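Asks: could you work out the structure for the sequence below:
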Amino acid sequence: MESALDWHTAHALLAWQMEMGVDEAISDTPVDRFAVERAAREQAQAKKSQVAVARGGGGPVSEVKADPVAEAGQAAKGATSLDALRAAMDAFEHCELKRGARSLVFSDGLPGARVMIVGEAPGRDEDRQGKPFVGKAGQLLDRMLSAIGLSRSESVYITNVMPWRPPQNREPRPEEIAMMLPFLRKHIALVQPEVLLVMGNISCQALLGKRGITRLRGHWAEAEGKPVMPMLHPAYLLRTPTAKREAWADLLAVKARLESP
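Replies: Below you'll find the predicted structure:
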């Protein structure tokens, strides 16, 4: 069958394609890239959804989406030890931060310690080492604790709101905090500290439902049935050395609380 195009038209079309950079035949048949992308999106959506078909009544097909917060709550509820909680968090697949992180940053310090520190989210050093509060911010925290007679190896337990590092150290999104909050609450229940030190805005948002750390710091609050001292994050203190005076006052308040009968 002869082509409907004459030689001159075909030659012009080939010349135009060459000018546009089309210089190689990949397939004998054309590919609709828009259709391929659309099919990939539909396939990904299908994997994330559960399809329930009404049996007997001949009802329509309905899509049931997963509830990450509810699933996190069930997973955390079933954890009866710190090891089990870590395993439950490691198996949790709904938080996208897990995809880009190197490691799960669970905790450091002494389980059952009187003081539990809740930070925000891992940074680069934490992601590499798999421990919270390392690097320069961690070194400053260790000096702060030592100044009031505490240490992470003997008298402090440390964790974060988020166990995985956000990309480019961005702030965790509200939905990410919400889905990991059941794990944090169970973490606190298993450790049973006397005092919580909540460092930074993200930690205050998660446990106190408030932001504005410079306003909240220095005032005792309560969360999960425990007294809470909101404090400036050591990373903030590295950027704003003049705020160390306020941090020292908060540390003295914590020391007084621990020494009171």
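
Asks: can you pull up the bridge partners for Met116?
Replies: Applying DSSP bridges to Met116 gives these bridge partners: Tyr157, Leu196.

Asks: quick one, what contacts it?
Replies: Residues in contact with Met116 (CB atoms under 8 Å, 6 or more residues apart in numbering) are Val156, Tyr157, Ile158, Thr159, Ile188, Val191, Pro193, Val195, Leu196, Leu197, Lys226. In this view, the C-beta of every residue, glycine as well, is placed from N, C-alpha and C.

Asks: now neighbour count and pLDDT too, for the residues you listed, in a markdown table please.
Replies: Formatted as a markdown table, the contacts of Met116 follow (neighbours: other CB atoms under 10 Å; pLDDT from 0 to 100):
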| residue | neighbour count | pLDDT |
| --- | --- | --- |
| Val156 | 22 | 98 |
| Tyr157 | 23 | 98 |
| Ile158 | 25 | 98 |
| Thr159 | 24 | 98 |
| Ile188 | 20 | 98 |
| Val191 | 21 | 97 |
| Pro193 | 20 | 97 |
| Val195 | 17 | 98 |
| Leu196 | 25 | 98 |
| Leu197 | 24 | 98 |
| Lys226 | 18 | 97 |
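
Asks: tell me which helix or strand Val198 sits in.
Replies: Using DSSP states H and E, Val198 sits within strand 195-199.

Asks: next secondary structure after that strand?
Replies: Counting by DSSP H and E, what follows strand 195-199 is helix 201-208.

Asks: relative to strand 195-199, how tilted is that following helix?
Replies: Counting by axes from the mean of the first three to the mean of the last three CA atoms, to 10 degrees, helix 201-208 points 140 degrees away from the direction of strand 195-199.

Asks: and helix 201-208, average pLDDT?
Replies: Mean per-residue pLDDT for helix 201-208: 97.

Asks: any chance of the contacts of Met116 in TSV, plus distance to Pro172?
Replies: Listed next are those as TSV, based on distance: CB to CB, whole Å:
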residue	distance to Pro172
Val156	23
Tyr157	21
Ile158	18
Thr159	14
Ile188	18
Val191	21
Pro193	23
Val195	24
Leu196	19
Leu197	19
Lys226	22
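
Asks: all helices for the stretch 51-200 of the chain, in order.
Replies: Assigned by DSSP state H, counting those that start in this stretch, the helices in the stretch 51-200 of the chain fall at 68-77, 82-91, 97-100, 124-129, 135-147, 174-191.

Asks: ok, the contacts of Met116 vs Ser146, which is closest?
Replies: Nearest to Ser146 among the contacts of Met116: Val156, at 10.4 Å, using CB to CB.
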